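Chemist: Pasting the sequence and the predicted model now:
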Amino acid sequence: EGSQLAALRADIKPGQLILDYCGGSGGKSLAVAHLLQQKGQIFVHEPREVALGKAKKRFARAGITNVQFHNNEESLNKIGLNKMDWVIVDAPCTGTGTLRRNPDIKLKFDEEWIKRNVMLQQSIVSKALKFLSKNGKLLYITCSLLKQENEEQIKHFTKTFNL
């Protein structure tokens with residue numbers, strides 16, 4: 001729910017091109033699809049076939065047809081480089097914001113695990129940014145409460161990628 005609410009904060013307009021880069025089963029894309037009013041296009045990128053299959057079913061159930069699904073970056077590169085008005089990255093993270101629902105997270109918790117997640121997030125955003133148009137916007141989402149995965153990442157992205 002939190003990532004869907006965050007996606008709804010984006011100022012998405014009809015006719016825009018939206019890339020849900022870590023698309024999962026399509027929750028964020030579904031949350032913003034109505035903002036496009038069936039104008040524009042949603043691109044859902046998700047390398048995990050099972051999750052992408054769930055996204056396809058969810059979009060079909062919702063009657064949303066202005067969507068394309070991609071499980072590899074090569075197909076997305078052919079059509080989306082430097083074209084997206086919005087790139088949504090709901091990055092893999094430590095999940096500290098979901099401790100109540102997932103108490104076992106605390107068993108994995110150590111500094112090395114945080115560092116691995118931070119590096120993965122930076123890698124994903126670096127790849128996702130090549131799809132942004134000149135005036136495009138990045139919507140970065142995590143379910144983490146940690147500064148390392150949020151505030152510090154935003155500072156890193158702003159500095160490294162001139163955002």
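Modeler: Everything's here; your move.
Chemist: for the helix of greatest length in the chain, packing partners?
Modeler: When the chain is parsed with DSSP state H, its longest helix is helix 111-128. For helix 111-128, the packing partners by 3 or more Cβ pairs under 8 Å, 6 or more residues apart in numbering; DSSP states H and E come out as strand 84-90, strand 132-141, helix 151-161. In short, each C-beta sits where N, CA and C put it, glycine included.
Chemist: Looking at the chain, which residue reaches furthest from the middle?
Modeler: Largest separation from the mean C-alpha position in the chain: Leu107, at 26.1 Å (Cα atoms, centre = their mean).
Chemist: which ones are touching the residue lying closest to Glu49 once chain neighbours are set aside?
Modeler: Distances taken as Cβ to Cβ, 6 or more residues apart in numbering place Asn71 nearest to Glu49, at 6.1 Å, with adjacent residues excluded. Asn71 is in contact with His45, Glu46, Pro47, Arg48, Glu49, Leu52, counting by Cβ atoms under 8 Å, 6 or more residues apart in numbering.
Chemist: biggest separation within those residues, which pair?
Modeler: Within the contacts of Asn71, His45 and Glu49 form the most distant pair, 12.7 Å apart (Cβ to Cβ).
Chemist: Which one's more surrounded, the two?
Modeler: Applying other Cβ atoms under 10 Å to His45 and Glu49 shows that His45 carries more neighbours, namely 25 against 9.
Chemist: didn't that one look like it was pressed against His70?
Modeler: Yes: when contacts are counted by Cβ atoms under 8 Å, His45 is listed as touching His70 (4.8 Å).
Chemist: about what we covered before: could you export the contacts of Asn71 to CSV, including columns for distance to Pro103 and pLDDT?
Modeler: Listed next are the contacts of Asn71 as CSV, based on distance: Cβ to Cβ, whole Å; pLDDT from 0 to 100:
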residue, distance to Pro103, pLDDT
His45, 31, 96
Glu46, 27, 95
Pro47, 28, 93
Arg48, 24, 94
Glu49, 29, 95
Leu52, 29, 96
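Chemist: So which of those sit within strands?
Modeler: Among these, the members falling in strands (DSSP state E) are His45.
Chemist: Which one of the contacts of Asn71 is nearest to Ser133?
Modeler: When the contacts of Asn71 are compared against Ser133 (criterion: Cβ to Cβ), the nearest one is His45, at 16.3 Å.
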